[in-house]
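S.K.: Any chance you can model this:
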Amino acid sequence: MFKKRHLLILLIAIIISGYAFVSIYQMANPYETNNSSGPTHEIIANNSAKDLGTVEVIKNIGNPNSKKIAYVVGVHPLENDTHKTLLKLLPTSSNLKYCYDIYVINVTEDFSSYGELLPDDNPGRDTGQNLAYKYVYPKIANGSYELAIDIHAHGGAYPLDTFVFSPVDGGSGESYGRNVSQNTENISYYNPYQTTSGPYLTIPLNEHGIPSFYFEENSFISQGIKDKHMLELINAIDNLKL
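M.R.: Got it, this is the predicted structure:
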């Protein structure tokens, strides 16, 4: 009797340990999965020495059987706090109607963040733009996407903290951006009429027939407000009629 009880306890301990291992692994590797219906993680460019950065994509977030929308983060590495906000919130959003891929540009040299600027941030900025045009643009242009959103931040240079805009006036990108603004409480539509990254991603995508627009957030507002605004963006885009 004692032997049977001992074996039962040992078996239960093994089962619990197995579940614990799986749970810990999944938390440490949230995008590594072989489940075709869940998010997958793909490396697009990994020659850091040549390109001064890498590019990856987190695919199939939300409903993998629905229309596809692309988000892009990292074009301007200086603005990485807003990029991290999207990466934190979109993959954990539930009941999404559409399928989302996040293209992640990782500049490995000459980058910083607001509040701790390097003497010259332009090299990192240029690198991110070049990576976007070389690797992200062709993937989205040829990837059957209905829409693309480029996530950015600013240091208070604009009269509005949080806004969307398309650098191509009168197209579907502008129309979708204005729809997002009209259906959110804190996201305005404001066109600064000048963007350095436009020719590397959003302009050619619009010209290729992929509606595209920017999301801009003030980098110096609190993280709690950043989270709130990002969730507004995510929900408004998921409620668009594509």
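S.K.: Ends of stretch 137-156, what's the gap?
M.R.: 28 Å (Cα to Cα, to the nearest Å).
S.K.: err, stretch 55-69, not the other one
M.R.: 18 Å.
S.K.: now what about it, what contacts it?
M.R.: With contacts defined as Cβ atoms under 8 Å, 6 or more residues apart in numbering, stretch 55-69 is touched by 31, 36-45, 87, 90-91, 93, 96-106, 131, 135-136, 139, 143-149, 237-238, 242. (Glycine included, C-beta is placed from N, CA and C.)
S.K.: ranges for the strands of this protein?
M.R.: Assigned strands in the chain, in chain order: 40-45, 53-62, 68-73, 99-107, 145-154, 162-165, 188-189, 212-218 (criterion: DSSP state E).
S.K.: pLDDT averaged over the shortest one - what is it?
M.R.: Per-residue pLDDT over strand 188-189 has a mean of 98.
S.K.: Among the contacts of stretch 55-69, name the buried ones.
M.R.: 31, 39-40, 44-45, 87, 90, 96, 98-106, 131, 135-136, 139, 145-149, 237-238 (16 or more other Cβ atoms under 10 Å).
S.K.: before we move on, the earlier item: need the strands of the chain in a markdown table with distance to G177, can you?
M.R.: Output for the strands of the chain, formatted as a markdown table (distance: least, Cβ to Cβ, whole Å):
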| stretch | distance to G177 |
| --- | --- |
| strand 40-45 | 26 |
| strand 53-62 | 20 |
| strand 68-73 | 13 |
| strand 99-107 | 17 |
| strand 145-154 | 9 |
| strand 162-165 | 4 |
| strand 188-189 | 6 |
| strand 212-218 | 4 |
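S.K.: T196 is nearest to which of the ones you listed?
M.R.: Nearest to T196 among the strands of the chain is strand 145-154; the distance by Cβ to Cβ comes to 10.6 Å.
S.K.: can you list contacts of stretch 201-213?
M.R.: By Cβ under 8 Å, 6+ apart, stretch 201-213 touches 72, 75, 129, 132-133, 136-137, 140-141, 145-150, 164-168, 171-177, 180, 195, 214.
S.K.: If any of those residues are buried, put those into a PyMOL selection.
M.R.: PyMOL command restricting these to the buried ones, with burial defined by 16+ other Cβ under 10 Å:
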select buried, resi 72+75+129+132+133+136+137+140+141+145+146+147+148+149+150+164+165+166+167+168+171+172+173+174+176+177+180+195+214
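S.K.: Around G170, how many other residues sit close by?
M.R.: 8 (other Cβ atoms under 10 Å).
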